[in-house]
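1. Structure, please.
(one chain, ligands or ions: 1)
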Amino acid sequence: MNTSNDYKYYQTSADYILSKTGYQPEIALILGSALGGLAEEIENPIVIDYADIPNFLVSTVEFHAGKLIMGNLGGKKVMCMSGRFHYYEGYTFEELTTPIRVFHALGVKQVILTNAAGAVNPAFQPGDIMVIRDHINLLGASPTRGINIHECGPRFFDVSNMYTKRLRKLVKEVAAQQGLTLQEGVYYYTPGPHFETPAEIQAIHRLGADAVGMSTITEALTAAHCQMELLGLSLISNMAAGILDQPITAEEVWETSERTVETFKVLLRETIKKCSRCR
Ligand code: HPA
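-> Just a heads-up that it's a prediction; the model follows:
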């Protein structure tokens, strides 16, 4: 098993990263499917392969790059994961805490999570960007189960304001300044790797979700445990199963993400620029 209940395990990864960069990043970003192009925006990049970081995980998904990029964005020191880890790759929920715990060991206090998601809300359209207000995880498991790591956070922790209000307000203000209207809603987590059935999507809609995807919630819950400020953004890449009379393909997800990446880049850079430290 590639995880540990000992904080030193994550500090070892953090020490390696620090030895390559010499500085602590202020904000961390995790980029979803086909949004890896955002990393090109980072100035003076230092690129580290996940495979070179001790105790880190290795990305197995075709569309995910598997590199950590450190540098400047919007005048801030950022670290960016281009390529993330998913439950459907075979990792346990516990293992999926690794990236955020390494960020924590590096002193990161703010995290931006991005993903591609299917629209459950019929008023959404492919190409929309949804600010995640909250999520539903009916798989039920928490990535922080197991012996608690007190250096990260307490055994029991609040998740009622996980997707921080302050950052949601900020990104909406930044978008408005650019003449961009964002959607806001609830992200429903499915473990994948298959897309959902139309009946599942109808049920998910009735449960109150607006978008559906296969990532993000393990990172969000780990960040909440570490008391980080969190912003989650979903790029709506397709209408969810059964809304249109057509199959969902990974190519469609990829193509919509690629089409929207330029808008996303500006939104993220400007948000990071205006993102003051919270604590
Ligand atoms: N379902 C689950 N995950 C996804 C989808 C979807 O429709 N689109 C992009 N990621």
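2. contacts and neighbour counts: CA atoms only from here.
-> Noted.
3. Helices of the stretch 151-279 of the chain, start to end?
-> 165-177, 198-206, 217-225, 250-274 (DSSP state H, counting those that start in this stretch).
4. which one of the ones you listed has the lowest average pLDDT?
-> Mean pLDDT is lowest for helix 250-274 among the helices of the stretch 151-279 of the chain, at a mean of 87.
5. re earlier: same list (the helices of the stretch 151-279 of the chain) but as CSV, adding distance to F93 and mean neighbour count.
-> Below are these laid out as CSV (distance: least, Cα to Cα, whole Å; neighbours: other Cα atoms under 10 Å):
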stretch, distance to F93, mean neighbour count
helix 165-177, 26, 17
helix 198-206, 22, 16
helix 217-225, 7, 25
helix 250-274, 23, 18
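6. Of those helices, which is nearest F56?
-> Set against F56 and scored by Cα to Cα, the helices of the stretch 151-279 of the chain come closest in helix 217-225, at 14.4 Å.
7. distance between the closest one and the chain's centre?
-> The chain centre lies 9 Å from the centre of helix 217-225; the measure is Cα atoms, centre = their mean, to the nearest Å.
8. what do you get for stretch 176-190?
-> For stretch 176-190, the distance to the chain centre is 14 Å (Cα atoms, centre = their mean).
9. That one: end-to-end distance?
-> Distance between the two ends of stretch 176-190: 31 Å, counting by Cα to Cα, to the nearest Å.
10. Close to the ligand: what parts of the stretch 1-150 of the chain are there?
-> Remark: the part of the stretch 1-150 of the chain in contact with the ligand comprises 116-118, using Cα under 6 Å from any ligand atom.
11. now, which of those lie within strands?
-> Of the positions in those, 116-118 sit in strands, assigned by DSSP state E.
12. And these, which of them are buried?
-> 116-118 (16 or more other Cα atoms under 10 Å).
13. Of all the helices of the stretch 151-279 of the chain, which one is nearest P191?
-> helix 217-225 (10.3 Å).
14. So which elements touch the closest one?
-> Secondary-structure packing of helix 217-225 (3 or more Cα pairs under 8 Å, 6 or more residues apart in numbering; DSSP states H and E): helix 98-105, strand 110-119, strand 229-239.
15. rerun at 10 Å
-> Where contact means 3 or more Cα pairs under 10 Å, 6 or more residues apart in numbering; DSSP states H and E, helix 217-225 is packed against helix 98-105, strand 110-119, strand 129-136, strand 183-189, strand 229-239.
16. Report pLDDT for R277.
-> So R277 comes in at 63 (pLDDT).
17. Just put the helices of the stretch 151-279 of the chain in TSV and tack on distance to L138.
-> Putting those into TSV (distance: least, Cα to Cα, whole Å) gives the following:
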stretch	distance to L138
helix 165-177	23
helix 198-206	10
helix 217-225	11
helix 250-274	23
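18. what about those, which gets the closest to the ligand?
-> helix 250-274 (5.6 Å; Cα to the nearest ligand atom).
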